[in-house]
Structures are given as structure tokens and as C-alpha cells.
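Q: need a 3D model of the sequence below.
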Amino acid sequence: MADPDFASPRMERVLDTAADLLVRWGYQRVTIDEVARHAGIGKGTVYLHFHNKEALFLTVLLRAQRQIVAAMADRMEAVPDEVLLSRLLRGLYLVLSNDAIARVLYMGDAEVLGRLAHEAADTLGALVGRRREVLTEHLRLLSAAGCLRSDLSPEALLYTFSAIGTGFFFVGGMPGGTPDLDVETRADLLEHAIATAIQVPDPAPAALAKVAPVIAALYRSLITDIDHEVRRRIR
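A: Residues are numbered from 1 along each chain as shown. Have a look, this model is predicted:
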């Protein structure tokens, strides 16, 4: 699903450069001048696209989120098993382990984001709320399809899913936190933990095939919200 706001090679170059500098230097240190210089364009060209530094870097984070959500929806449409929460979280864990910008976005790395963390929380609060709505509906649809444990309330399912995922992401991001386990092994363990805690054994393939397009569409609707936020920041 292409987005015309990111179609221009010059726009991609600016965003790629800003993302690289954000991870390497942190938000406080990076300037529009440095982004322009490393991208090989004039500072005025950056301002042709973005109102200010905050708008540029919020767009960097939004683009990362859009790519993650779009890939998630693509997998769900291609392989119905991917709507299972164990598979969803496994995929997200692998992305965050291998993509520095995605990791900064989802972990809210204050050292890298600096003041932008506060701005992102304030400005993108509605989008965070929408993500939670989508996840809550995702759980409801899986429950209705008989894929989740019926002895746990919706609140308990969401809490358990979030608590296990947060634990794996947090420990995996700590220096020396998992010295003897590679990323794939950790992702496998996370998938197993979620499946054991909240899913039924061997969810019915027919049920997954039926519900997968509906759940994928939910995430597609979230992409629309992300695009709206992007367009608010691009001239």
C-alpha cells in the first residue's frame, strides 16, 4: 500500500537521513542544517516539506509506524495464522530488534528522543488511543472466533498480552539482558509464552481464515489515521 507523501526520492532521502542522525546523535543534537548537509540538499529544501524540526522528526516516527503496521496487515492477508497474537508479537519483536527507528518509537527511548518524546506523547496521543482500540477489537474478534481462552476476561487477555510483551521487549533491550540467546530464539520464546498464556491449542484454520481479512482491515484503517497525522506535518 503506497503512500504518495513518501513517494518522492528527495522526501525519502530527507527522512532516511533524519532517521539515521536521530539514532546516532539524538534529537537534541540534530539540526535541520545537519539533516540537509548529510542528505546533500539545501536547508531551504527541507523547509519546503516541513514546518520545523519537530514536524520532520515526528514524520520520521510516523513513517516507521506506518511501515510496521502495513507489513503486519500484509502478513495477515497472506497468511491467516499471522492474526494470532503470538505471531503478531513475534513479528513486532523481530522488527524492533533489527530496526533502530522502530525500537526508538515503540520503546520511547528518552535518551534518543529527548524533548521529542514529550511532543510525540502530546501530539500523537489520539493515534496511541486508536492503536489500543484496534488491538482491543482484534482481541474481541479472536475471542469470538474461539481462538483465545474463554476463562479469561477481555481485560485479563489484554493485560496478559501487554505484560508478557513488555517484559520481553524490556529485558531484550537491556545491556547483557539476554547474553546467551539470539534474537530468533527470543522471538520464538515470546511466541510460545503468548500462545501458552492466552490462546487455545491449535486454533481452527477455518476460523482464522474467516477472521483474518477483518482483522487486517482494522490495521489498514490505522494506516489511514497515520497518514492523516503525516499530512498535518508536511507542507
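Q: quick one: the helices in this structure?
A: Per DSSP state H, the chain carries helices over the ranges 9-25, 32-39, 43-49, 53-78, 85-98, 100-107, 110-113, 115-123, 125-144, 154-172, 183-198, 205-231.
Q: which strands or helices does the second one pack on?
A: Secondary structure elements in contact with helix 32-39, counted by 3 or more CB pairs under 8 Å, 6 or more residues apart in numbering; DSSP states H and E, are helix 9-25, helix 43-49, helix 53-78. Bear in mind the C-beta positions are built from the backbone N, C-alpha and C, glycine included.
Q: that helix: which residues count as buried?
A: Buried residues in helix 32-39, counting neighbours by 16 or more other CB atoms under 10 Å, are found at Ile32, Val35, Ala36, His38, Ala39.
Q: distance check, the residue nearest the centre of the chain against Leu92.
A: Centrality entry for the chain: nearest residue to the mean C-alpha point is Gln65, 4.3 Å, by CA atoms, centre = their mean. Noted for Gln65: a distance of 11 Å to Leu92, by CB to CB, to the nearest Å.
Q: one more: His38?
A: Separation of His38 from Leu92 (CB to CB) stands at 29 Å.
Q: now do Val104, the pLDDT please.
A: Val104 carries a pLDDT value of 81.
Q: wait, what's in contact with it?
A: Shown in contact with Val104 (CB atoms under 8 Å, 6 or more residues apart in numbering): Leu22, Val23, Leu61, Val112, Leu113.
Q: need the max-distance pair from the residues you listed.
A: Farthest-apart pair in the contacts of Val104 is Val23 and Leu61; separation 11.6 Å (CB to CB).
Q: any buried residues in stretch 81-89, and which?
A: Judged by neighbour count (16+ other CB under 10 Å), stretch 81-89 contains these buried residues: Glu82, Val83, Leu84, Leu85, Ser86, Arg87, Leu88, Leu89.
Q: excluding its backbone neighbours, what's nearest Leu56?
A: Residue nearest to Leu56 in three dimensions, not counting chain neighbours: Phe50, with 4.3 Å by CB to CB, 6 or more residues apart in numbering.
Q: my guess is the one you found meets Arg235, correct?
A: Yes: counting by CB atoms under 8 Å, Arg235 is a contact partner of Phe50 at 6.8 Å.
Q: higher neighbour count, the two?
A: Neighbour count, other CB atoms under 10 Å: between Phe50 and Arg235, Phe50 has more, with 22 against 9.
Q: if I pick that one, what's in contact with it?
A: Residues near Phe50 by CB under 8 Å, 6+ apart: Leu56, Thr59, Arg233, Ile234, Arg235.
Q: my guess is the third one contacts Thr59, does it?
A: Yes: in terms of CB under 8 Å, Arg233 counts as a neighbour of Thr59; the distance is 5.1 Å.
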